[in-house]
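K.L.:
Build me a model from this:
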Amino acid sequence: MRRARSFLLIAAVVAAAAGGARAADIAVPAGGGLAEVVARAAPGDVLHLASGAHPGAVVIATPRLTLEGEPGAIVDGQGKGSAVTIRAPGVTLRGLTITGSGLSLFDKDSGVFIDRGADHATVIDNHFENDLIGVYLDGPKFALVEHNRIDGLRTMRLNERGPGVEVFDTPGSRIIDNDFSYGRDGVFSVNSRDNEVRGNRFRDLRFAVHFMYTNNSSVIDNVSVGNDIGYAMMYSDRLIVMGNASARDREHGLLFNYANNSLVENNAVRTSDKCVFIYNSNKNRFSGNWFQGCNIGIHFTAGSEQNQMTGNSFVNSRTQVMYVGTTSLDWSVKGRGNYYSDNPAFDLNGDGIADAPYRPNDLMDQVIWRAPEAKLLLNSPAVQIVRWAQARFPAIHPGGVFDSAPLMKPLPPPALKRLNG
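P.N.:
The predicted structure follows:
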């Protein structure tokens with residue numbers, strides 16, 4: 001009997017403890033008090049923020065807390081520090097307008113600052129405006145930033161502004177389906193790995209995506225329009241850059257600087273100064289990309305070696321290929337090269353491969369790149385004789401790029417439809 005009573009008492013205590021641990025839905029009125037409600041909340045609670053302004057700065061140190069906004073709910077940092085700081089794992093922010101961070105890059109002032117240890121944070125369906133940095137991921141693992149609109153600062157000088165999302169040492173994090181505008185960069189990742197940037201849209205920025213020392217990561221199916229540079233991959237290895245679109249990015253659509261062992265596939269770049277610039281980047285595979293209407297289709301230099309080029313389409317750029325070097329490079333892989341819209345080729349056997357190799361540059365191109373003032377002589381009889389001789393005696397070519405199996409038809413990737421749409 002005594003044992004039965006003890007068992008019932010223990011069961012009652014366990015049941016009471018379980019009931020006390022049950023997550024609560026808490027309504028939070030506008031005007032003030034959000035920080036106090038957050039401080040008192042229990043793990044798993046859901047705070048429903050009413051329409052109106054809720055003063056920051058708010059520090060979330062409770063695991064699995066959710067802040068969910070009704071339409072018109074605003075968390076305002078009031079110009080000091082970060083509007084929301086997350087220091088516990090499993091926290092979710094949803095449906096909020098987050099604004100008014102401080103203006104110190106040194107202090108990492110952000111709309112949402114996610115600290116080391118705040119793993120599996122989720123920032124979804126929010127609107128960021130007038131924050132120095134939209135979301136700062138400072139060391140958490142497996143964070144998700146999805147379906148947010150991030151409008152950065154338009155005031156201050158460009159280099160004094162922060163990015164829409166900054167990633168530092170944040171393995172496994174994903175930045176998906178967001179809209180970025182203004183500020184400095186859209187996504188800036190440094191010293192990180194295993195990250196995914198997918199399906200985002202970027203405009204009116206310096207760089208759409210800017211990787212520094214970020215390895216084993218992917219940049220997939222994004223759209224960059226009207227930025228200084230679309231996708232800048234720097235000092236980063238083993239990347240997948242696939243299915244991205246770039247239009248009217250002023251300097252470069254794609255930039256690779258000390259980026260190695262990466263797959264660059266099925267991207268579409270249109271109307272930049274340089275569709276793609278490759279500087280001291282090695283052992284990358286460029287396949288199925290579309291480079292159209294740029295001043296230079298592809299420019300690579302400074303010891304970029306062992307890069308494979310196959311199945312790419314170079315369409316109507318003023319200079320399709322610019323390689324300032326004399327090493328002979330065959331841009332075909334296993335009998336399949338690239339398409340060049342200025343290649344007047346024949347295909348007598350109908351196999352889709354031109355009957356003669358294609359050389360995008362000749363001796364005079366090399367002379368002009370090294371001495372631009374030589375352009376004054378382009379129409380002179382001497383230059384015409386040199387070009388005539390090269391056409392008939394290939395042995396006097398200076399080296400550089402040639403394509404032993406140029407394609408007869410362009411191959412538009414699916415990413416091109418995003419630009420046409």
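K.L.:
So, low pLDDT: which residues of the stretch 301-421 of the chain?
P.N.:
The stretch 301-421 of the chain contains residues with pLDDT under 70 at 302, 361-399, 421.
K.L.:
how about the helices of it, start to end?
P.N.:
363-370, 381-392, 415-420 (DSSP state H, counting those that start in this stretch).
K.L.:
how much space between the nearest residue to V315 once chain neighbours are set aside and M242?
P.N.:
Excluding its sequence neighbours, the residue lying closest to V315 (C-beta to C-beta, 6 or more residues apart in numbering) is Q292, at 4.1 Å. In this view, the C-beta of every residue, glycine as well, is placed from N, C-alpha and C. Distance of Q292 to M242, given as C-beta to C-beta, to the nearest Å: 18 Å.
K.L.:
Same question for I124.
P.N.:
When distance is defined by C-beta to C-beta, I124 is 24 Å away from M242.
K.L.:
who's more crowded, the two?
P.N.:
M242 (21 against 16; other C-beta atoms under 10 Å).
K.L.:
Surely the residue nearest to V315 touches R318?
P.N.:
No. Under the criterion of C-beta atoms under 8 Å, Q292 makes no contact with R318, lying 11.5 Å away.
K.L.:
give me the low-pLDDT residue ranges for the stretch 1-150 of the chain?
P.N.:
Looking at the stretch 1-150 of the chain by pLDDT under 70, you get 1-21.
K.L.:
what about 50?
P.N.:
In the predicted model of the stretch 1-150 of the chain, residues 1-20 satisfy pLDDT under 50.
K.L.:
on that earlier part again, for the residue nearest to V315, phi and psi?
P.N.:
phi -140, psi 140 (degrees, to the nearest 10).
K.L.:
list the contacts for it?
P.N.:
Going by C-beta atoms under 8 Å, 6 or more residues apart in numbering, Q292 touches A268, V269, R270, T271, C275, S313, V315, N316, S317.
K.L.:
Mind checking which of these land in strands?
P.N.:
A268, V269, R270, C275, S313, V315 (DSSP state E).
K.L.:
would JSON lines of those residues with distance to G111 and neighbour count be doable?
P.N.:
Shown next, in JSON lines, are the ones in strands among the contacts of Q292 (distance: C-beta to C-beta, whole Å; neighbours: other C-beta atoms under 10 Å):
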{"residue": "A268", "distance to G111": "32", "neighbour count": "27"}
{"residue": "V269", "distance to G111": "31", "neighbour count": "31"}
{"residue": "R270", "distance to G111": "32", "neighbour count": "23"}
{"residue": "C275", "distance to G111": "34", "neighbour count": "32"}
{"residue": "S313", "distance to G111": "40", "neighbour count": "22"}
{"residue": "V315", "distance to G111": "41", "neighbour count": "20"}
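K.L.:
Can you lay out the residues you listed as CSV showing distance to D355?
P.N.:
CSV is the format used below for the ones in strands among the contacts of Q292 (distance: C-beta to C-beta, whole Å):
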residue, distance to D355
A268, 28
V269, 29
R270, 30
C275, 27
S313, 19
V315, 21
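K.L.:
With respect to R206, which of those residues is nearest?
P.N.:
Comparing the ones in strands among the contacts of Q292 against R206 with C-beta to C-beta picks out V269 as the nearest, at 17.3 Å.
K.L.:
excluding its backbone neighbours, what's nearest that closest one?
P.N.:
G253 (3.2 Å).
K.L.:
gap between that neighbour and D109?
P.N.:
G253 is 32 Å from D109, by C-beta to C-beta.
K.L.:
Of the two, give the one with the bigger neighbour count.
P.N.:
Using other C-beta under 10 Å as the criterion, G253 and D109 rank with G253 on top: 32 against 24.
K.L.:
Let me see the contact set for that one.
P.N.:
G253 neighbours (C-beta under 8 Å, 6+ apart): 224, 229-231, 246, 267, 269-270, 272, 274-276, 291, 294.
K.L.:
Top of the residues you listed by number of neighbours, please.
P.N.:
Going by other C-beta under 10 Å, G230 tops these with 34 neighbours.
K.L.:
Tell me if I'm right that it and N244 touch.
P.N.:
Yes. Here G230 reaches N244: they are 7.3 Å apart, a contact under C-beta under 8 Å.
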